[in-house]
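Engineer: Generate coordinates for the sequence data below:
(one chain, ligands or ions: 2)
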Amino acid sequence: MAKVAVLPGDGIGPEIVEASLPVIEAAAKAARLKLDFERALVGGAAYDATGHPLPPATLKLCDASDAIYFGSVGGPKYDTIPDPNLRPERGALLPLRKRYTLYANVRPAVVYPGLERRSPVKEEIVRGMNLLVVRELVGGAYFGKKALAAASAYDVISYDRVQIERVLRFAFEVAMARGRHLTLVHKANVLLTSVLWKRVWDRVRARYPKVRVDDCYVDAFTMYLISRPRDYDVVVTENMMGDILTDEAAQVTGSIGLIPSASLGPRRTRHGTFGLFEPSHGSAPDIAGKDLANPLATILSGALMLRYSFGAAKAAERVEGAVRRVLAKGLRTRDLAGPKGRALGTRAMAAAVLKEL
Ligand code: IPM
Ligand code: MG
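Structural biologist: Ligands and ions are numbered 1, 2, ... in the order given. This is a model prediction of the structure:
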């Protein structure tokens with residue numbers, strides 16, 4: 001039986017994960033996929049209980065699982081933990097990425113029909129927007145050599161050919177399965193790491209003659225993402241540029257509550273690839289525990305888990321289709337309905353998706 005480590009975390013994490021699990025369970029069951037979901041503590045919740053945001057019991061469960069289904073971590077209560085390595089983001093999320101070499105982070109940014117007006121960008125510019133960012137997740141400034149002294153500090157950005165090549169190949173494979181258009185975002189006019197990215201890019205792209213390619217400086221790309229987001233299909237970039245661009249892309253869609261993510265590594269499972277699946281949004285402590293949070297990004301992250309870790313593409317599509325139909329029917333959570341529109345709570349929205357499924 002395949003195993004999923006369920007790490008609800010902090011803030012809205014527990015309620016969005018608990019609401020989403022029945023949907024994922026139902027889709028898996030219909031595909032005759034037996035999944036065993038086991039919960040463990042992570043983030044602030046784990047820190048409170050054990051003194052560490054990523055305790056040994058959680059790591060042991062993750063090691064023994066085929067996928068990690070993650071809610072969200074962090075909150076104001078934990079921002080003041082004196083040792084920054086014990087804060088949820090740096091003490092739990094980054095070590096998980098590193099431990100399993102989750103080098104490919106996939107974040108789609110889609111504007112669903114009927115939700116165009118949620119975007120801060122003009123409707124006619126975002127209508128039909130459907131791009132996907134592949135962000136390198138275990139290199140660059142996040143994991144380079146660092147130091148902080150009284151009057152100086154540094155974070156080294158370094159990449160080697162192997163790190164670049166594996167994520168580029170992943171991005172090309174994703175592009176082959178989508179619109180066959182891949183854009184490399186970089187800063188090769190200034191950064192030597194970007195120069196290396198471009199060299200590796202030139203070699204890898206020769207192996208994918210069917211994929212239309214282009215590349216773009218990151219500063220220019222931040223403008224194009226707003227002025228012509230529909231010109232892009234798959235975008236690949238290094239860690240920190242990807243961090244910034246995925247938030248920008250999410251904002252352009254106007255619905256960060258709908259954006260899932262998958263972080264994948266080299267470890268193969270029986271049916272696919274080991275990965276960590278989490279909504280792209282944070283722990284939203286201001287609305288935690290109020291049944292207000294949008295569970296759709298978590299449900300869609302579960303669909304990515306079915307697809308990538310369990311090879312259940314049909315089941316994933318069924319979940320994604322159910323979400324699309326629920327939205328097409330006009331059902332909305334508070335974030336999508338606006339302050340005056342009719343809105344469902346977290347549980348009711350997840351139940352609507354389950355019914356649709
Ligand atoms: C993300 C987040 C994380 C990151 C933080 C919480 C460390 O912003 O997943 O995009 O910077 O990678
Ligand atoms: Mg981020």
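Engineer: Give me the neighbour count for the residue of the stretch 151-300 of the chain found nearest ligand 1.
Structural biologist: The minimum distance from the stretch 151-300 of the chain to ligand 1, using Cβ to the nearest ligand atom, falls at residue 243 (4.5 Å). C-beta coordinates here come from the backbone N, C-alpha and C atoms, glycine included. If you count neighbours by other Cβ atoms under 10 Å, residue 243 ends up with 17.
Engineer: now do residue 206
Structural biologist: By other Cβ under 10 Å, the residues close to residue 206 number 8.
Engineer: Same question for the one 5 residues further on.
Structural biologist: By the other Cβ under 10 Å criterion, the neighbourhood of residue 211 contains 21 residues.
Engineer: what sits against it?
Structural biologist: Residue 211 makes contact with 172, 175-176, 180-182, 205 under the criterion Cβ atoms under 8 Å, 6 or more residues apart in numbering.
Engineer: Most neighbours of all those, which one?
Structural biologist: Of the contacts of residue 211, with other Cβ under 10 Å as the count, residue 182 tops at 27 neighbours.
Engineer: What pLDDT is listed against it?
Structural biologist: Per-residue confidence (pLDDT) for residue 182: 98.
Engineer: And for it, nearest residue in space, chain neighbours not counted?
Structural biologist: Using Cβ to Cβ, 6 or more residues apart in numbering and skipping the chain neighbours, the partner closest in space to residue 182 is residue 175 (4.1 Å).
Engineer: And that neighbour, how close does it get to residue 246?
Structural biologist: Using Cβ to Cβ, to the nearest Å, residue 175 is found at 17 Å from residue 246.
Engineer: swap in residue 311?
Structural biologist: Distance, residue 311 to residue 246, by Cβ to Cβ: 26 Å.
Engineer: Compare those two (neighbour count), which wins?
Structural biologist: Using other Cβ under 10 Å, the more surrounded residue of residue 311 and residue 246 is residue 246, with 25 against 17.
Engineer: Buried residues, the helix or strand that contains the residue nearest to residue 182. List them.
Structural biologist: Mapping residue 175 onto the secondary structure by DSSP states H and E places it in helix 161-177. For helix 161-177, a neighbour-count test (16 or more other Cβ atoms under 10 Å) marks 163-164, 166-168, 170-172, 174-175 as buried.
Engineer: Equivalent analysis for stretch 112-131, please.
Structural biologist: Going by neighbour count (16+ other Cβ under 10 Å), the buried part of stretch 112-131 is 112, 115-116, 118-119, 121, 125-126, 129-131.
Engineer: and the closest residue to residue 310 other than its chain neighbours, what element?
Structural biologist: The shortest distance from residue 310 to any non-neighbouring residue, by Cβ to Cβ, 6+ apart, is to residue 271 (4.7 Å). Using DSSP H and E, residue 271 sits in no helix or strand.
Engineer: Report the contact partners of the residue of the chain found nearest ligand 1.
Structural biologist: Going by Cβ to the nearest ligand atom, ligand 1 is nearest to residue 89 of the chain, at 3.9 Å. Contact analysis of residue 89 by Cβ under 8 Å, 6+ apart lists 73-74.
Engineer: Just to be sure, it is in a strand?
Structural biologist: No: going by DSSP: H, G, I helix; E, B strand; the rest coil, the assignment for residue 89 is helix, not a strand.
Engineer: what does the protein put close to ligand 1?
Structural biologist: Within the chain, the residues that sit near ligand 1 (Cβ under 6 Å from any ligand atom) are 89, 93, 243.
Engineer: ok, the first one to residue 238 distance?
Structural biologist: Which is residue 89. 19 Å.
Engineer: contact partners of the helix or strand hosting residue 323?
Structural biologist: Assessed by DSSP H and E, residue 323 sits inside helix 313-328. Contacts to helix 313-328, defined as Cβ under 8 Å, 6+ apart, come from residues 23-24, 27-28, 30-31, 33, 112-115, 258, 296, 299-300, 302-304, 306-307, 336, 349, 352-354, 356-357.
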